[in-house]
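> Starting from these lines, generate the structure:
(one chain, ligands or ions: 1)
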Amino acid sequence: MRYLTAGESHGPALLGIMEGMPAGLHLSADVVNLELTRRQAGYGRGQRMRIERDEIEWLAGVRFGETLGSPIALMIRNRDFERWQQRMAPEGDVVGPAFTRPRPGHADLAGALKYGRGDARDILERASARETAMRVALGAIAKAFLGHFGIEIVSHVVALGDVTASPPAQIDRDAIDRSPVRCADPVAAEAMVAAIDAARLKGDTLGGVVEVQALGVPVGLGTHVHWDRKLDGRLGQAMLSVPAIKGLEIGAASWGAAHLGSQVHDEIFFRQGEGFTRSTNRAGGSEGGISNGAPVWVRAAMKPLSSLHRPLRSVDMDTKEEFLAQVERSDITAVPAAGVVLEAVMALVLTELFLEKFSGDALIDVEAAYHHYIGRISR
Ligand code: EPS
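Have a look, this model is predicted:
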């Protein structure tokens, strides 16, 4: 399975193509749109999210609510394009001033130099986190596929700015989605909301840390045999490609680095009827680049957004004069939304690895391969 996305933040639409999804998977736009709505929520989002109401249109690959095995194509229209038609016109004369005072932390300057563009808007439109809407839509398809095999993905915010949550051992998915900051600790959630309000008053932004878990993952996704097929590496590549994600920790990695091997590794037991089991999961469900049957869990660190209302110092790309960076409308924080995006990205990685292990053109063939394998390893 592979996928591509296209689309500028203020262009007409976002497009996605997914190839390699087996035939026979039930899909509905409602299921995908639900995920898009979850991504749009979260305290600290800006005005743009009041303009958009993200929903998909199927363009190919789905008929009568089932995948055909052909490439799935889908589109999300950008409502804001109505206001940007002239400035984002595919053809015709240049309209509007160029964006020449790059924001520290954004792709503006490096992208403009790399692509030889005098107007950093040519860069920031694609570097915008708007692109994640399509990854969430494609991820919703991946989630539907994984759900078929009992795999579920959840996320919650564990830190926002300098506020750290103490989440309960059992997290309640619906309660997290009801939380304005998608945090499982209601006391910390209140402090996070206050921190966002304080940052807003200062014209500043906030980052944070999100935990993402996949439950029900079988033993054997990813492999030790080659570097580019390892579960950890694949998660790292995909999750670190989400805008503003600067760090990824698999399981209790940082904690483990400061402890003895005997304190870190998850001891192995065997119980009749249950098979091999562990009483801890510090490895994050991955050993040797292979899923080990325990929940896969990771923590992703997101930097504060780089569009500041009180901008940092920068230099005009044309005149080389010192200026403050250009102010763009933006969010105060997108950490709650990042959880939804990272769920989607994890779902896409697990779907790729699942289909590498249990490939098949029809869902029933994938099911047969899966059940044969589960039978073998359960003996
Ligand atoms: C973004 C800037 C803001 C965000 C946007 C990401 O958009 P605008 O410039 O239109 O105000 O709202 O996020 C989304 C549009 C989205 O769908 O998540 C940026 O510069 O990255």
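
> Next up, phi/psi of residue 232, please.
phi -60, psi -40 (degrees, to the nearest 10).

> same check, this time on residue 66
Dihedral pair for residue 66: phi -130, psi 150, per degrees, to the nearest 10.

> How about residue 91?
Torsion angles, degrees, to the nearest 10, at residue 91: phi -140, psi 160.

> so how far is residue 379 from it?
64 Å (Cβ to Cβ, to the nearest Å). In this view, the C-beta of every residue, glycine as well, is placed from N, C-alpha and C.

> Residue 105 now?
When distance is defined by Cβ to Cβ, residue 105 is 53 Å away from residue 379.

> Who are the packing partners of the helix or strand harbouring residue 352?
Assigned by DSSP states H and E, residue 352 belongs to helix 335-357. Contact analysis of helix 335-357 by 3 or more Cβ pairs under 8 Å, 6 or more residues apart in numbering; DSSP states H and E lists helix 29-40, helix 132-147, strand 152-160, strand 208-215, helix 231-240, strand 296-302, helix 363-378 as its packing neighbours.

> and the ligand, which of those is closest to it?
Of all these, it is helix 132-147 that lies closest to the ligand, at 5.0 Å by Cβ to the nearest ligand atom.

> Report the angle between the closest one and strand 152-160.
Interaxial angle of helix 132-147 relative to strand 152-160 (axes from the mean of the first three to the mean of the last three Cα atoms, to 10 degrees): 140 degrees.

> which of the residues in helix 132-147 are buried?
Residues 132-146 are the ones in helix 132-147 that count as buried (16 or more other Cβ atoms under 10 Å).

> Equivalent analysis for stretch 56-66, please.
Neighbour-count burial for stretch 56-66, counted by 16+ other Cβ under 10 Å, picks out 56, 58, 61, 62.

> State the pair within the residues you listed that is farthest apart.
Spatially, the most separated pair among those is 56 and 61, at 12.2 Å (Cβ to Cβ).

> sorry, back to before: could I get the helices and strands packed on helix 335-357 as TSV with mean pLDDT and distance to the ligand?
What follows is the helices and strands packed on helix 335-357, written out as TSV (pLDDT from 0 to 100; distance: least, Cβ to the nearest ligand atom, whole Å):
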stretch	mean pLDDT	distance to the ligand
helix 29-40	98	7
helix 132-147	98	5
strand 152-160	98	16
strand 208-215	98	15
helix 231-240	98	16
strand 296-302	98	12
helix 363-378	96	31
